[in-house]
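>>> Take this sequence and fold it.
(one chain, ligands or ions: 1)
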Amino acid sequence: MTRTVYVNGEYLPETEATVSIFDRSFLMADGVYEVTSVLEGKLIDFDGHLARLERSLNELEMEKPEAFDDLLDIHRKLVELNGIDEGMIYLQVSRGSAGDRDFVFPDPEVVKPTLVLFTQSKPGLADNPVAKKGIKVISIEDIRWGRRDIKTVQLLYPSMGKMAAKKEGCDDAWLVEDGHVTEGTSNNAYIVKDGKIITRNLSSDILHGITRAAVLRFAREAQMEVEERPFTIAEAQDADEAFVTSASTFVMPVVEIDGAKVGAGEPGPVATRLREIYLDESIKSGI
Ligand code: PMP
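Below is the predicted model of the structure:
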């Protein structure tokens with residue numbers, strides 16, 4: 001099926017949608033993005049994704065696209081036009097195209113940001129069978145840049161990490177810096193020990209996951225103990241449970257780290273319960 005996508009104010013068939021070869025996201029990874037999931041045709045955690053987008057733009061001194069205030073309508077229209085029941089909406093803003101290549105930022109009065117959105121249909125996203133058996137991760141050194149709190153399109157290293165995991169028969173990689181786990185290639189990382197949920201504290205070392213914020217809120221509301229601090233791979237291998245969170249995987253159990261089984265080597269009760277709560281609550285509050 002040909003998708004209808006959004007580019008700079010226009011809804012177009014994907015085969016007709018184009019951006020310039022001089023676009024700064026193409027030449028310099030000078031762009032930021034968001035991924036919002038869709039469940040039962042509704043947008044999940046939309047306000048959080050919009051707020052983080054605004055923060056990413058501010059941190060990079062990038063202009064807001066003209067249609068910023070219309071983003072909810074644009075998301076909803078794409079869901080409708082593409083008949084999305086379960087899936088994701090990808091949104092990218094770049095600093096635009098100055099019609100040439102130059103390290104200096106173009107004048108924002110002259111060069112306007114590029115705004116692109118497209119849908120990804122993923123039937124069965126909520127009822128993902130992978131969540132019932134969990135995923136296996138490897139650890140790799142975190143050599144990304146120092147502003148991981150900004151959601152930029154510089155995804156080469158995370159992509160290489162995912163490929164390294166696949167080569168070893170695993171699903172994903174956890175990134176390690178100074179002996180401590182920062183996060184997964186495209187998710188936030190957690191362990192559970194003696195009923196306590198442990199996840200790295202927020203800083204510029206990790207992306208401030210929108211799913212993370214919601215899951216920690218639900219965990220605290222359910223009287224679960226949460227500790228936000230760095231942890232090591234050895235501590236994770238010795239934990240009772242491990243899991244990751246992201247907008248497209250929600251809460252996903254991790255059952256093996258660098259070849260060592262976590263707990264019983266199957267999804268644990270805390271991750272399973274948090275996945276249920278997250279899905280129930282966020283579908284209820286979806287817009
Ligand atoms: N960390 C990284 C590095 C990510 O790429 C993502 C997903 N984009 C996350 C964490 C999870 O963030 P969110 O819950 O907002 O999807």
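
>>> where's L57 relative to F103, distance?
Distance of L57 to F103, computed by Cβ to Cβ, to the nearest Å: 19 Å. Yep, even glycine has a C-beta here, placed from its N, CA and C like the rest.

>>> Next: D172.
With Cβ to Cβ as the criterion, D172 and F103 are 34 Å apart.

>>> For whatever residue of the stretch 1-150 of the chain ends up closest to the ligand, give me the backbone phi and psi.
Distances between the stretch 1-150 of the chain and the ligand by Cβ to the nearest ligand atom are smallest at V35, namely 5.9 Å. In terms of degrees, to the nearest 10, the main-chain angles of V35 are phi -130, psi 120.

>>> check contacts around it.
The neighbourhood of V35, defined by Cβ atoms under 8 Å, 6 or more residues apart in numbering, consists of H49, M88, I89, Y90, L91, A247, S248.

>>> By neighbours, which of those wins?
The most crowded member of the contacts of V35, judged by other Cβ atoms under 10 Å, is I89 (26 neighbours).

>>> how would you label that residue: helix, strand or coil?
Here I89 is strand, with the state taken from DSSP: H, G, I helix; E, B strand; the rest coil.

>>> pLDDT score assigned to it?
If you check I89, the pLDDT there is 98.

>>> ok, now the one 10 residues further on?
pLDDT, G99: 96.

>>> hang on, the earlier thing: restricting to the contacts of V35, which residues neighbour the ligand?
A247 (Cβ under 6 Å from any ligand atom).

>>> Tell me which two of the contacts of V35 sit farthest apart.
Taking every pair in the contacts of V35 and measuring Cβ to Cβ, the maximum separation is 13.4 Å, between L91 and S248.

>>> ok, now how distant is the residue of the stretch 1-150 of the chain closest to the ligand from G134?
For V35 relative to G134 (Cβ to Cβ), the value is 22 Å.

>>> got the residues of the stretch 51-200 of the chain near the ligand?
So far as Cβ under 6 Å from any ligand atom goes, the stretch 51-200 of the chain lies against the ligand at E183, S186, N187, N188.

>>> Show me which of L57 and F103 is the more surrounded one.
Remark: of L57 and F103, L57 carries more neighbours, 19 against 7, as counted by other Cβ under 10 Å.

>>> related to what we said a few turns ago, tell me the one of the contacts of V35 nearest L71?
L91 (7.4 Å).

>>> so that closest one makes contact with L43?
No - between L91 and L43 there is no contact under Cβ atoms under 8 Å: 11.2 Å.

>>> which SS state does L279 fall under?
helix.

>>> which residue packs closest to it, ignoring adjacent ones?
A126 (5.5 Å; Cβ to Cβ, 6 or more residues apart in numbering).

>>> Let me see the contact set for the closest residue to G265 other than its chain neighbours.
On the basis of Cβ to Cβ, 6+ apart, the spatially nearest residue to G265 that is not a chain neighbour turns out to be V255, at 5.2 Å. Contacts for V255 (Cβ under 8 Å, 6+ apart) come out as K133, G134, I135, K136, A242, K261, V262, G263, G265, E266, P267.

>>> could you say which helix or strand contains V255?
Assigned by DSSP states H and E, V255 falls within strand 250-257.

>>> Would you tell me what the next helix or strand after that strand is?
strand 260-261.

>>> contact partners of that following strand?
By Cβ under 8 Å, 6+ apart, strand 260-261 touches Q237, V255.

>>> redo that, cut-off 6 Å
Strand 260-261 is contacted from outside by Q237, using Cβ atoms under 6 Å, 6 or more residues apart in numbering.

>>> Listing partners with orientation, what would you give for that strand?
strand 250-257 (antiparallel) (DSSP bridges).

>>> tell me which element the nearest residue to L117 once chain neighbours are set aside falls in.
In this structure, L117 finds its nearest non-sequential neighbour in Y6, 4.2 Å apart by Cβ to Cβ, 6+ apart. Per DSSP H and E, Y6 falls inside strand 4-7.
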